[in-house]
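>>> sequence? don't have it. structure:
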């Protein structure tokens, strides 16, 4: 029998993970579902946000407390982080400030990476753009894995815990609420964006860039802005993941988990629909975690290593969705910007008056 505490821990971790992947899938839905940019470089943005927290936020806090902030921050990492955690545990305001500034800083750094990634996006299309962005994600991973002064190389680095002041008993709940509130804010922002004139322009660009250009829309600037915002949102998820685990390591970020899986979530849920992206993330993450949790129970049944069971079942689920529901579980619907009553009033005003008969 599974203990109640084990189930509680599993559910808490599951909800936190769902919230993090909701943010990633929403950012991909903005880029691909709205603007039609095939961003296979999600790893670049997600890992970039985490690396910012590991390389910059922790060092800034260490510098503020007079601790080593250069190479000594890596070499004496456990000692420095222990001192910072003791300081934060008795200072809720500084802990909250560190949390907020880390998320905002990660978003700005992610936006900067998006600006850099927008240069090939201006000139390349389709498969060429997807491969280029995928390669850029691998580049940042290789740099972090081999350049020790950044985040300690392949061993990674510990970071200050902004939730330490709450206590170990309530820490998971605080992390859960932080992730869900952040995901809700991003969802509401993208919902507003989708109903705005900019959202309609992005969809027009997705359908036909030439037509959008003919009507006076700067496609280059639109693609650049989309990648900047999309990367900033994805970087927030990487920062939250690191603040949850209080560590940053290149091994925590890989292209299968942070690039291809969000694509599956968006495809399953329905591209161009933010609610669909959320539903796709919930379904995919829940099924995957259940498979991981129970996969060793099937060790005596399946004729192969159970390590591959999650990839097999997820692949089958994706194939089934593409065969019978290629538009996703919640297909994109036309965006209504005005109520029917308002449209009738405008139409009545625009209609020419009929001449009066004598």
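All right, it came through fine. Keep in mind it's a predicted model, so treat the numbers as computed, not measured.

>>> drop to CA atoms for contacts and neighbour counts, all remaining ones
Noted.

>>> And for residue 52, the neighbour number?
Using other Cα atoms under 10 Å, residue 52 has 26 other residues around it.

>>> What residues does it make contact with?
105-106, 109, 239 (Cα atoms under 8 Å, 6 or more residues apart in numbering).

>>> What strand or helix carries residue 346?
Residue 346 is part of helix 340-350 when elements are defined by DSSP states H and E.

>>> just checking, next helix/strand downstream of whichever strand or helix holds residue 12?
Using DSSP H and E, residue 12 falls within helix 4-28. Sequence order places helix 42-52 as the next helix or strand after helix 4-28, per DSSP H and E.

>>> just the angle between that following helix and helix 4-28, please?
120 degrees (axes from the mean of the first three to the mean of the last three Cα atoms, to 10 degrees).

>>> Give the rounded mean pLDDT of whichever helix or strand comes after helix 42-52.
Counting by DSSP H and E, the next helix or strand C-terminal to helix 42-52 is helix 58-64. Regarding helix 58-64, the rounded mean pLDDT is 90.

>>> Could you name the helices and strands sitting against helix 58-64?
helix 77-89 (3 or more Cα pairs under 8 Å, 6 or more residues apart in numbering; DSSP states H and E).

>>> tell me how far the helix it packs on is from the chain's mean position?
28 Å (Cα atoms, centre = their mean, to the nearest Å).

>>> Over to stretch 145-158?
Using Cα atoms, centre = their mean, the offset of stretch 145-158 from its chain centre is 23 Å.

>>> Stretch 20-29 too?
4 Å.

>>> same question, stretch 125-137
On Cα atoms, centre = their mean, the centre of stretch 125-137 falls 18 Å from that of its chain.

>>> isn't residue 332 right up against residue 267?
No. Counting by Cα atoms under 8 Å, residue 332 sits too far from residue 267 to count as a contact (11.3 Å).

>>> Looking at the two, which one has more neighbours?
Between residue 332 and residue 267, residue 267 has the larger neighbour count (other Cα under 10 Å), namely 27 against 18.

>>> Isn't that one up against residue 325?
No. Under the criterion of Cα under 8 Å, residue 267 makes no contact with residue 325, lying 9.7 Å away.

>>> In which helix or strand does the spatially closest residue to residue 194 that is not a sequence neighbour reside?
Once flanking residues are discounted, residue 194 sits nearest to residue 200: 6.8 Å by Cα to Cα, 6 or more residues apart in numbering. Using DSSP H and E, the element containing residue 200 is helix 197-207.

>>> Could you list the buried residues of stretch 276-292?
276-282, 284-286, 288-289, 291 (16 or more other Cα atoms under 10 Å).

>>> Now intersect these with the helices, please.
Counted as lying in helices by DSSP state H, out of the buried residues of stretch 276-292, are 276-282, 284-286, 288-289, 291.

>>> gap between residue 309 and residue 301?
Residue 309 sits 11 Å away from residue 301, going by Cα to Cα, to the nearest Å.

>>> swap that for residue 106, please
45 Å.

>>> Likewise for residue 123?
51 Å.

>>> before we move on, what about residue 175?
The value you get for residue 175 to residue 301, if Cα to Cα is used, is 37 Å.

>>> And residue 291, by the same measure?
On the measure of Cα to Cα, residue 291 and residue 301 end up 14 Å apart.

>>> neighbouring contacts of the helix holding residue 12?
39, 42, 46, 172-173, 175-176, 179-180, 183, 186-187, 190, 229-231, 233-234, 236-238, 240-241, 262-263, 265-266, 274, 277-278, 281-282, 285-286, 289.

>>> Same question for stretch 199-206.
34-37, 193-194, 211-212, 217, 219, 222.

>>> Give me the below-cutoff pLDDT ranges for this structure.
Residues of the chain meeting the criterion pLDDT under 70: 1-4, 121, 334-339, 351-358.

>>> Report the buried residues of the lengthiest helix in it.
Ranked by number of residues, the top helix in the chain under DSSP H is helix 92-123. Within helix 92-123, the residues that count as buried by 16+ other Cα under 10 Å are 92, 94-95, 98-99, 102-115, 117-118, 121.

>>> Toward the C-terminus, what is the element adjacent to that helix?
Heading C-terminal from helix 92-123 (DSSP H and E), you reach helix 126-146.

>>> Could you give me the buried positions within that next one?
Counting neighbours by 16+ other Cα under 10 Å, helix 126-146 gives 129-130, 132-138, 140-141, 144-145 as buried.

>>> go on, stretch 241-252?
In stretch 241-252, counting by 16+ other Cα under 10 Å, buried: 241-244, 246-250.

>>> try stretch 323-343
Result for stretch 323-343 [16+ other Cα under 10 Å]: buried residues 325, 327-332.

>>> So which of the residues you listed belong to helices?
Going by DSSP H, the helices hold none of those.

>>> Are we agreed that residue 70 is in a strand?
No. Assessed with DSSP: H, G, I helix; E, B strand; the rest coil, residue 70 is coil; it does not lie in a strand.

>>> Helix or strand for residue 186, just tell me which one.
Per DSSP H and E: helix 171-195 holds residue 186.

>>> Residue 239: neighbouring residues, count only.
Considering only other Cα under 10 Å, residue 239 is surrounded by 29 other residues.

>>> Let me see the contact set for the residue nearest to it when sequence neighbours are not counted.
Distances taken as Cα to Cα, 6+ apart put residue 50 closest to residue 239, at 4.5 Å, once the chain neighbours are dropped. Counting by Cα under 8 Å, 6+ apart, residue 50 touches 106, 235, 238-242, 248.

>>> at 7 Å instead, please
238-239, 242, 248 (Cα atoms under 7 Å, 6 or more residues apart in numbering).
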